[in-house]
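>>> got a sequence here, can you model it:
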Amino acid sequence: MTDSAIANGNGPMPRQIPYIIANEGCERFSFYGMRNILTPFLLSTLLLFIPMADRATEAKHVFHTFVIGVYFFPLLGGWLADRFFGKYKTVFWFSLIYVAGHACLAIFEDNLKGFYLGLALIAFGSGGIKPLVVAFVGDQFDQTNKNRAKLVFDAFYWIINFGSFFASLLMPLMLRDYGPAVAFGIPGILMAIATLVFWIGRKKYVHVPPAAPNPDSFSSVARTALFAKVPGKSRPGLIVAGIGAAGAVLSLCMAPQWGFVIAACTALVLLLAFGGVGVSLQLDRARGPHTDEAVEGVRAVLRILIVFAMITPFWSLFDQKASTWIVQANAMDSPLLSIFGWEFTLLPAQMQAINPILVMLLIPLNNLALFPLMRAIGITPTPLRRMGLGIALSGAAWIVIGAIQLKMDGGDKVSILWQLLPYALLTLGEVLVSATGLEFAYSQAPAPMKGIILSFWYLAVTVGNLWVLIVNSGVKNEAVSAHIATIGMSSIAFQMFFFAAFALLTAGLFALYAMRYKMVDNYRVAAK
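Numbering: from 1, shown residues only. The predicted structure is shown next:
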């Protein structure tokens, strides 16, 4: 390796990277392997004590509660790593919890409380490591080999989809042919291997110690802005934040009626929404105790949070492909297919394998065809336009899936292959929203605030799944279900069109906000 290559950032690939890539591949297989058979297992085995008419609703409730946990706990994992233990120790110990969760699923296949304990442990472990592994990869590079990092991040993205694809194909077969103990045990073994491989490389990693507390952090600036006193002036922001806090307490008091998860997540949403508005009303009062850069950084994060809030309906639609869409697929006909002489029948949960394959196809297709076409007709594919289009496409996917459901409700036999079209639309929406969202957020947030953005990004997924739980609970209400019956739709078809309208309305609001949003460029300046 020449001195010139090293000086230009093209130094050798860190030798410890294969340990992290192997860890990620096994971990993603384990996660998607259990996630994609969760709804079929709940419907066919664990929830048999629930009346047939209510079983699908309960299975969706369990699934989306689990997803809420997975995307809530990154807040905890990131905080522990940044303040106390560093990334390696946090990932390792959370991984052991993760393995214990898988073990519970395999052992307690016929025990409701034991199985739910396993889901809680997996949500805790998976969520805890989620914001750290990619950042840990970045820690392994420095100025001498920084240009090699893109290759590794591309490999990361590829291994995630590779693991998801094969897990989606194989685990439904394991569940059908060998039962839940084996089907949930195999992902547990893969997660144990992931943890072992990660541990073996421990002496080769670069370990960046936890950062010292930042006096100009997002939370510090926000707290100063809310509580700062100005002679002769009231504190309207604090009043607004107080209203949010009161609403959060009221929400928690409704836990016996709403359920703890809905009550707690609603409380969190109220705190963030009203607290964010309150901080924005008094943000300039933080100048002096904090630098102007820190204050403007908080302002930038608050603007980004509005974008994230409008993306939450997309996540409520996207994550239901592993719950509502599987429920629909269970009632569809699956024709006998033949590929290279191999005959097989698609299982409902195997339709999940379409998503990672389409992701790997659509990303280059967008870059080579869709975006150049948009430019050719005079439309610049800015990040906000891409995300708005992605939300609208998710709504279109749900119109199609709703139309399919109406056909089924009318007594027609429908092939499971008709789900290919909504899967294609939803996956294109995913690529436009998910792949673009962090690019947008990182470009808009100043350097000291980039860490907090990742936590809020994951929290947006939690809120998206909260909307599913709220709608799911609302449909169970007798008055609501009676009204749905009067319009001649099944409850599942009504929900499909409701979520389609939810996404399309949000896409319209998103477009209006995008026209007013002033883009900034907060990428770091290249070293001279």
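>>> give me the element the residue nearest the centre of the chain is part of.
Geometric centre of the chain, nearest residue: Val461, 4.4 Å, by C-alpha atoms, centre = their mean. Applying DSSP states H and E as the criterion places Val461 in helix 450-475.
>>> pull out the buried positions in that helix.
Within helix 450-475, the residues that count as buried by 16 or more other C-beta atoms under 10 Å are 450-469, 471-473, 475. C-beta coordinates here come from the backbone N, C-alpha and C atoms, glycine included.
>>> stretch 219-239 too?
Ser220, Val221, Ala222, Thr224, Ala225, Leu226, Ala228, Arg235, Gly237, Leu238.
>>> go ahead and confirm Val461 touches His64.
No. Contact criterion C-beta atoms under 8 Å: Val461 and His64 do not qualify, at 10.6 Å.
>>> now do the shared contacts for those two.
Shared contacts of Val461 and His64 (C-beta atoms under 8 Å, 6 or more residues apart in numbering): Asp319.
>>> who's in contact with stretch 475-488?
The contact list for stretch 475-488 (C-beta under 8 Å, 6+ apart) reads Asp54, Thr57, Gly474, Ser490, Ser491, Phe494, Gln495.
>>> could you do stretch 168-185 as well?
By C-beta under 8 Å, 6+ apart, stretch 168-185 touches 32-34, 36-37, 40-41, 45, 102, 105-107, 109, 186-187, 347-350, 352-353, 355-356.
>>> what's the domain layout of the protein?
As assigned by automatic domain parsing, the chain contains the domains 1-208, 217-290, 311-528.
>>> that older thread, buried members of the contacts of stretch 475-488 into PyMOL, please.
Filtering the contacts of stretch 475-488 down to the buried ones (16+ other C-beta under 10 Å) takes a single PyMOL command:
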select buried, resi 57+491+494+495
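>>> sorry, back to before: the closest residue to the residue nearest to the centre of the chain other than its chain neighbours: which element?
Excluding the flanking residues, the one nearest Val461 by C-beta to C-beta, 6 or more residues apart in numbering is Tyr71, at 3.9 Å. In the assignment (DSSP H and E), Tyr71 maps to helix 52-72.
>>> past that helix, which element shows up next along the chain?
Next along from helix 52-72, by DSSP H and E: helix 74-80.
>>> and the average pLDDT for the strand or helix carrying Val137 is what?
For Val137, the host element (DSSP H and E) is helix 133-139. Across helix 133-139, pLDDT averages out at 77.
>>> counting by contacts, list what that helix packs against.
helix 17-41, helix 86-107, helix 149-178 (3 or more C-beta pairs under 8 Å, 6 or more residues apart in numbering; DSSP states H and E).
>>> repeat that for 6 Å
Here helix 133-139 touches no other helix or strand, going by 3 or more C-beta pairs under 6 Å, 6 or more residues apart in numbering; DSSP states H and E.
>>> i'd like the first residue to be 209 from this point on
New numbering, starting at 209: the last item is helix 341-347.
>>> pull out the buried positions in it.
Val341, Val342, Ala343, Phe344, Val345, Asp347.
>>> with stretch 449-468 instead?
Ala449, Gly452, Ala453, Gly455, Ala456, Ser459, Trp466.
>>> so of these, which ones are in strands?
Among the buried residues of stretch 449-468, no member falls in strands (DSSP state E).
>>> distance to His691 added to these, as JSON lines?
Below are the buried residues of stretch 449-468 laid out as JSON lines (distance: C-beta to C-beta, whole Å):
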{"residue": "Ala449", "distance to His691": "36"}
{"residue": "Gly452", "distance to His691": "31"}
{"residue": "Ala453", "distance to His691": "34"}
{"residue": "Gly455", "distance to His691": "27"}
{"residue": "Ala456", "distance to His691": "30"}
{"residue": "Ser459", "distance to His691": "25"}
{"residue": "Trp466", "distance to His691": "20"}
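>>> so what touches stretch 442-460?
Leu434, Ala471, Thr474, Ala475, Leu478, Leu479, Phe482, Gly483, Val485, Gly486, Leu489, Gln490 (C-beta atoms under 6 Å, 6 or more residues apart in numbering).
>>> can you rerun that using 7 Å?
Identification of contacts with stretch 442-460 by C-beta atoms under 7 Å, 6 or more residues apart in numbering yields 433-435, 471-472, 474-475, 478-479, 481-483, 485-487, 489-490.
>>> over to stretch 341-351?
Outside stretch 341-351, the residues touching it (C-beta under 7 Å, 6+ apart) are 217, 222, 224-225, 228, 232, 295-296, 299, 356-357, 360, 364, 413-414, 416.
>>> in those, find the pair that's most separated.
Gly217 and Val299 (26.2 Å; C-beta to C-beta).
>>> mind listing what Ile305 touches?
Taking C-beta under 7 Å, 6+ apart as the test, what Ile305 contacts is Leu329, Phe332, Gly333.
>>> what is the nearest of these to Ala508?
Of the contacts of Ile305, the one sitting nearest to Ala508 (C-beta to C-beta) turns out to be Phe332, at 31.1 Å.
>>> the closest one against Tyr279, yeah?
No. In this structure, Phe332 is not within contact of Tyr279 by C-beta atoms under 7 Å, at 12.0 Å.
>>> related to what we said a few turns ago, so between Gly217 and Val299, which is more surrounded?
Remark: of Gly217 and Val299, Val299 carries more neighbours, 26 against 16, as counted by other C-beta atoms under 10 Å.
>>> residues in contact with the more buried one?
Going by C-beta under 7 Å, 6+ apart, the list of residues near Val299 reads Ile337, Leu340, Val341, Phe344, Phe406.
>>> and the residues you listed, which two are furthest apart?
Leu340 and Phe406 (11.3 Å).
>>> now Arg495: how far from Ser428?
Arg495 is 13 Å from Ser428, where distance means C-beta to C-beta, to the nearest Å.
>>> which stretches of the stretch 609-736 of the chain have low pLDDT?
650, 655-656, 658-659, 729-736 (pLDDT under 70).
>>> can you show me the helices along it?
628-652, 658-683, 686-694, 699-724 (DSSP state H, counting those that start in this stretch).
>>> can the ones you listed go into a markdown table with extra columns for distance to Leu581?
Output for the helices of the stretch 609-736 of the chain, formatted as a markdown table (distance: least, C-beta to C-beta, whole Å):
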| stretch | distance to Leu581 |
| --- | --- |
| helix 628-652 | 14 |
| helix 658-683 | 29 |
| helix 686-694 | 41 |
| helix 699-724 | 19 |
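>>> and the ones you listed: which comes nearest Gln536?
Of the helices of the stretch 609-736 of the chain, the one closest to Gln536 (C-beta to C-beta) turns out to be helix 699-724, at 7.1 Å.
>>> circling back to that earlier point, ok, the residue nearest to the centre of the chain touching Trp523?
Yes. At 4.7 Å, Val669 counts as touching Trp523 under the criterion of C-beta under 7 Å.
>>> Gly440 belongs to a strand?
No. Assessed with DSSP: H, G, I helix; E, B strand; the rest coil, Gly440 is coil; it does not lie in a strand.
>>> need phi/psi at it.
phi 80, psi 0 (degrees, to the nearest 10).
>>> now do the contacts for it.
No contacts exist for Gly440 under C-beta under 7 Å, 6+ apart.
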